[in-house]
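1. Provided below are the primary sequence and the corresponding predicted coordinates.
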Amino acid sequence: YLLPVAAGWMFARLHDADGTRGLERFLRLGGVLLTTAFVGLQVRNGFHADDLHAPSVTLYEWATYGLCWMALAGVFALAGLRVAARPTRRLLVGSGLAVGLLGIAAALAGTWLIANPLWTSQSVGTLPLANGLWYLYGPTILALAVLARILRYHGQVPWARAAGGSAIALGFGLLSLLVRQGFSDAGDLHLALGTGDGEWYAYSLAWVLYGIGLLIAGIATKLETLRYGSLAVMLVAVAKVFALDTAGLEDLLRVFSFFGLGVTLLLLGYTYQRFVFRRPGVGETRQETVH
């Protein structure tokens, strides 16, 4: 695979003439496609060295496809930034974006839908917090965050918000899986195993802390995606506490639960009014307009 890639790029470099411009672009694009296929086949060979035609794709294999293609996308993008020729630079940067989206799609489809440990009974490790969930889902979240930053830098604000919101949602999912793993046996997260009271209440605490963390990060970075994401997470957590958690409590525990919920809502209301929904003053509006 790599020999035709090297030969094609060498030909394109040596024969930089107007008459072969179309052929050069074809060879460079073919090199990108062959390199992407080569990386995918190496991953396949690593998990199925004895049978590349095996019908199954494991959870960690899906994650490795996504990770390797996202890393390859970074290589293409960095190589494109170092190339002086504008057409080649655009091809490499565009290829990096396309391969990166391919990696994100593979990771999302494989680890979150097809081979999700919630319904496939594939173990993610037995150690709480320090387990395979970070490898399975962390790179996708990081890639979406980087993509959001790149899109915002290029003025694609709606797409940047979509990518950032997706990263926040996937972080919420990862946190929930970490909680479930902490209460599981032998790293099996299958939904058929049921949910205990301790795990059920741990979700609420983890979600509240996640929402607070997003709010602090949003205030520090002044990114509205983080602030509104924190609001969405907190609303989910509050709704769960109000509708589900308190239903299982009795007597004083229910009273204290509602009291804590009320205090939390008052504090959240003040915080979001102060930092999220705050209207700028006259001087601030003028300064923002000038900026």
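-> Now that the structure is in, tell me what you want to look at.

2. C-alpha only now, for contacts and for neighbours.
-> Noted.

3. Can you tell me how far A145 is from T64?
-> Applying C-alpha to C-alpha, to the nearest Å, the value for A145 to T64 is 19 Å.

4. more neighbours, the two?
-> Set A145 next to T64 and count neighbours by other C-alpha atoms under 10 Å: T64 wins out with 23 against 20.

5. host element of the more buried one?
-> Assigned by DSSP states H and E, T64 belongs to helix 59-81.

6. With L3 instead?
-> Per DSSP H and E, L3 falls inside helix 2-14.

7. And for T264?
-> helix 251-275.

8. which SS class is A98?
-> helix (DSSP: H, G, I helix; E, B strand; the rest coil).

9. so who does the residue lying closest to it once chain neighbours are set aside touch?
-> In this structure, A98 finds its nearest non-sequential neighbour in A73, 7.7 Å apart by C-alpha to C-alpha, 6 or more residues apart in numbering. Residues near A73 by C-alpha atoms under 8 Å, 6 or more residues apart in numbering: 95-100.

10. Show the buried residues in these.
-> Buried members of the contacts of A73, scored by 16 or more other C-alpha atoms under 10 Å, are 95-97, 99-100.

11. Widest-spaced pair of those residues?
-> Greatest spatial distance among the buried ones among the contacts of A73 (C-alpha to C-alpha): S95 and G100, at 8.3 Å.

12. In the stretch 101-250 of the chain, what residue spans correspond to helices?
-> Along the stretch 101-250 of the chain, the segments classed as helices by DSSP state H, counting those that start in this stretch run 117-120, 133-153, 157-182, 197-221, 224-240.

13. shouldn't W69 be in contact with L41?
-> No: applying C-alpha atoms under 8 Å as the test, W69 and L41 come out as separate, 11.4 Å apart.

14. Neighbour count: these two, which is higher?
-> Neighbour totals were compared for W69 and L41, and W69 leads with 25 against 15 (other C-alpha under 10 Å).

15. Could you check the pLDDT of L78?
-> What the model reports for L78 is a pLDDT of 90.

16. no, scratch that, I was asking about E224
-> The model reports E224 with a pLDDT of 87.

17. Could you report the distance from it to L191?
-> E224 sits at a distance of 34 Å from L191 (criterion: C-alpha to C-alpha).

18. So what's the gap between stretch 73-81 and the chain middle?
-> 20 Å (C-alpha atoms, centre = their mean, to the nearest Å).

19. Could I get the buried residue list for that stretch?
-> By 16+ other C-alpha under 10 Å, the buried positions in stretch 73-81 come out as 73-74, 76-77, 80.

20. Kindly report the same for stretch 216-230.
-> Burial within stretch 216-230, assessed by neighbour count using 16+ other C-alpha under 10 Å, is assigned to 216, 218, 225-230.

21. Grab the CA positions of it and hand them over as CSV.
-> Provided in CSV are the C-alpha atoms of stretch 216-230 (Å, rounded to 0.1, in the frame of the first residue of the first chain):
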residue,chain,number,x,y,z
ILE,A,216,-16.8,26.9,35.9
ALA,A,217,-15.1,26.1,32.7
GLY,A,218,-17.6,28.1,30.7
ILE,A,219,-17.2,31.1,33.0
ALA,A,220,-13.4,30.9,32.8
THR,A,221,-13.3,30.5,29.0
LYS,A,222,-16.4,32.6,28.2
LEU,A,223,-17.6,29.8,25.9
GLU,A,224,-21.4,29.8,25.8
THR,A,225,-21.4,26.2,24.6
LEU,A,226,-20.0,25.1,28.0
ARG,A,227,-22.4,27.3,30.0
TYR,A,228,-25.5,26.1,28.2
GLY,A,229,-24.2,22.6,28.3
SER,A,230,-23.9,22.8,32.1
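
22. Perfect, that will be all.
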